[in-house]
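**Q** fold the following for me, if possible:
(2 chains)
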Amino acid sequence: MIHLLNDQQLERYSTFKQFVDKYVSPFAEEWEHEQRIPHNVLKQCGKAGFIGGILPQQYGGGEWDNITFGLLNEAFGRASSSLTGLFTVQAMVAVCILKWGTSAQKNQWLPRISAGEQIASFALTEPAGGSNIQFIETSFSLQDDDMVINGQKKWITFSEYADIFLVFGKLNGQLPVACIVERNTPGIHIEPIKDMMGFRASHLSEITFQNCRVPQWNVIGRPGFGLSCVANLGLHYGRISTAWSAAGLMRACVEESIAYSKKRMIGKKLLHSLESVKSVIADMCTRQEAVSLLCWQASYLEDKHSPQAIEKAIMAKLMASVEAVQASGNAVQMQGAAGCRENTRVARCYRDSKIMEIIEGTTQVCKNALGDTLL
Amino acid sequence: MEKTISYTEVIKGYILRCAGLMELDENTDIFESGIVNSLFIIQLMTFLERDFKIKITMEDLDISNFKSVKTIASFVTRKVSRVN
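**A** A predicted model of the protein is given here:
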């Protein structure tokens, strides 16, 4: 995939990797263990221009193309899936505001998201609804000029830290609506979710909205389009981000496996001299390259503003997450008992990869959506 | 008028290709009839923006703009005339 990148993309990719080597890789294990990423790391990412990279300059963004955004996720995904969760949700919320917000709304929220001063969260999933967004039950009702929100959201990435939430529900039980809710709004209760299998430092939480009153001004887009246009756009970017992050995780698995096979002795032979090990590594590298190409294609088509980008992003996310599970399984297998220790990099990849098969639409939901699009 | 006819044909052709249909009445409600799925509206909007060089914004989010080939063509005509 590297040969498809232009000079600017290569340069930024190199910057991302240097940042990751210095500020992420040495601490990623500790973050997972403590189930938190220090707030200053998030601010540092904002300051470096990583959070608002895809936004226009007028909102403090870097005007990156989507391939560069993908490379950011790939570079960080190699070291910390949890931290890529930050980029995923910031992009999901930011693109929704950018595309469907009013000028005043864009000026209100985008510069702060871009600078890392305000953490945003994409509050779509509900305890009962799972991946099927049509089943959301959170209710919105209009009282005077305010939206009154009642309902529950669950498994919301970075919501423990979030300053603003893009909340999805139905107006009067019918019209899908998307609305920004600020954290300090009375009626919000946030309960952190701990001890997840993977993405342990992604600050997931369950959010309850009880007669939570926000100005109607905060509605993004128009009632009726909250799911079809707003949520689907956010999820599209979420899939691009997750796919690239999974590609990064696969690269970590390949690197770990190659390094381990070159130092591990089995009797008098190094592991990598075994035919079976060569075969596994060849397979892992080939699949990692294939996944990277699918990711590149999805981002490329998004840059070309092609309608096909939607289905290609689903394909990329679908394949990347499934292959990440396979790659991390191989990486653990190669290290045997040593790879089964919880604090090893390959064990973390193993746990994180499974989460990737579930977020931004499970493998099954992605296949259904793809089937609907293709048939 | 000629442009409206041209827009209609382009839009109809795109929806036919996406839905895998041979024919489509220009007045058929494409969402109510179930010939397209929930993801289609953003694909359609992306297609309209790219091929007709328009920008669809919050003000355009009115389902009547996107209901049928006829209403989409009429919407595009209005948007293009504003751009020009």
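
**Q** from here on, just use CA atoms for contacts and neighbour counts.
**A** Fine.

**Q** tell me which element the most centrally placed residue in chain A is part of?
**A** Nearest to the mean C-alpha position of chain A, by Cα atoms, centre = their mean, lies A:Thr88 at 3.3 Å. Per DSSP states H and E: A:Thr88 is located in helix A:81-100.

**Q** tell me what that helix is packed against?
**A** Using 3 or more Cα pairs under 8 Å, 6 or more residues apart in numbering or on different chains; DSSP states H and E as the contact test, the elements touching helix A:81-100 are helix A:66-77, helix A:103-115, strand A:120-123, strand A:219-220, helix A:232-263.

**Q** and the closest residue to B:Gly20 other than its chain neighbours, how close does it get to B:Ser68?
**A** Distances taken as Cα to Cα, 6 or more residues apart in numbering or on different chains place A:Leu375 nearest to B:Gly20, at 7.2 Å, with adjacent residues excluded. The gap separating A:Leu375 from B:Ser68 is 20 Å, by Cα to Cα, to the nearest Å.

**Q** looking at chain B, which residue is nearest chain A?
**A** The nearest approach of chain B to chain A comes at B:Gln43, 4.6 Å away (Cα to the nearest Cα).

**Q** give me the number of residues near the residue nearest to B:Gly20?
**A** A:Leu375 has 8 neighbours, counted by other Cα atoms under 10 Å in any protein chain shown.

**Q** pLDDT value on it, please?
**A** With respect to pLDDT, A:Leu375 has a value of 73.

**Q** tally of neighbours for residue 72?
**A** With no chain named, the answer covers chain A. Look at A:Leu72: counted by other Cα under 10 Å, it has 28 neighbours.

**Q** my bad, the chain I had in mind was chain B
**A** The local packing of B:Ile72 (other Cα under 10 Å) involves 23 other residues.

**Q** could you pull out the helices in the chain for me?
**A** You didn't say which chain, so I picked chain A. Along chain A, counting by DSSP state H, helices occupy A:7-19, A:28-34, A:39-47, A:66-77, A:81-100, A:103-115, A:232-263, A:275-303, A:309-335, A:345-356, A:363-374.

**Q** try chain B instead
**A** Taking DSSP H as the criterion, chain B carries its helices at B:2-19, B:40-52, B:69-83.

**Q** so for A:Ile193, which of those sits nearest?
**A** The closest of the helices of chain B to A:Ile193 is helix B:40-52. By Cα to Cα, the value is 32.8 Å.

**Q** got the contact list for that closest one?
**A** For helix B:40-52, contacts defined as Cα atoms under 8 Å, 6 or more residues apart in numbering or on different chains pick out A:228-229, A:232-233, A:305-308, A:310, A:373, B:54-56, B:76, B:80.

**Q** if we use 6 Å, what do you get?
**A** The contact list for helix B:40-52 (Cα atoms under 6 Å, 6 or more residues apart in numbering or on different chains) reads A:307, B:55.

**Q** what about dumping the CA coordinates of it to PDB?
**A** Presented in PDB, the C-alpha positions along helix B:40-52 are these (Å, rounded to 0.1, in the frame of the first residue of the first chain):
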ATOM      1  CA  PHE B  40     -29.000   4.700  -0.200                       C
ATOM      2  CA  ILE B  41     -29.900   8.300   0.600                       C
ATOM      3  CA  ILE B  42     -26.400   9.300   1.500                       C
ATOM      4  CA  GLN B  43     -25.100   7.500  -1.600                       C
ATOM      5  CA  LEU B  44     -27.700   9.300  -3.700                       C
ATOM      6  CA  MET B  45     -26.700  12.700  -2.100                       C
ATOM      7  CA  THR B  46     -23.000  12.000  -2.700                       C
ATOM      8  CA  PHE B  47     -23.800  11.100  -6.300                       C
ATOM      9  CA  LEU B  48     -25.900  14.300  -6.800                       C
ATOM     10  CA  GLU B  49     -23.200  16.500  -5.300                       C
ATOM     11  CA  ARG B  50     -20.400  14.900  -7.400                       C
ATOM     12  CA  ASP B  51     -22.200  14.700 -10.700                       C
ATOM     13  CA  PHE B  52     -24.100  18.000 -10.600                       C
END
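
**Q** quick one: mean pLDDT over that helix.
**A** For helix B:40-52, the mean per-residue pLDDT is 95.

**Q** what pLDDT does the closest residue to A:Leu294 other than its chain neighbours get?
**A** Distance criterion Cα to Cα, 6+ apart; nearest residue to A:Leu294, sequence neighbours excluded, is A:Ala316 at 5.2 Å. At A:Ala316, the model reports a pLDDT of 98.

**Q** which residues touch A:Ala316?
**A** A:243, A:294-295.

**Q** hmm, back to that, which of the helices of chain A has the lowest average pLDDT?
**A** helix A:363-374 - the lowest mean pLDDT of the helices of chain A, at a mean of 87.
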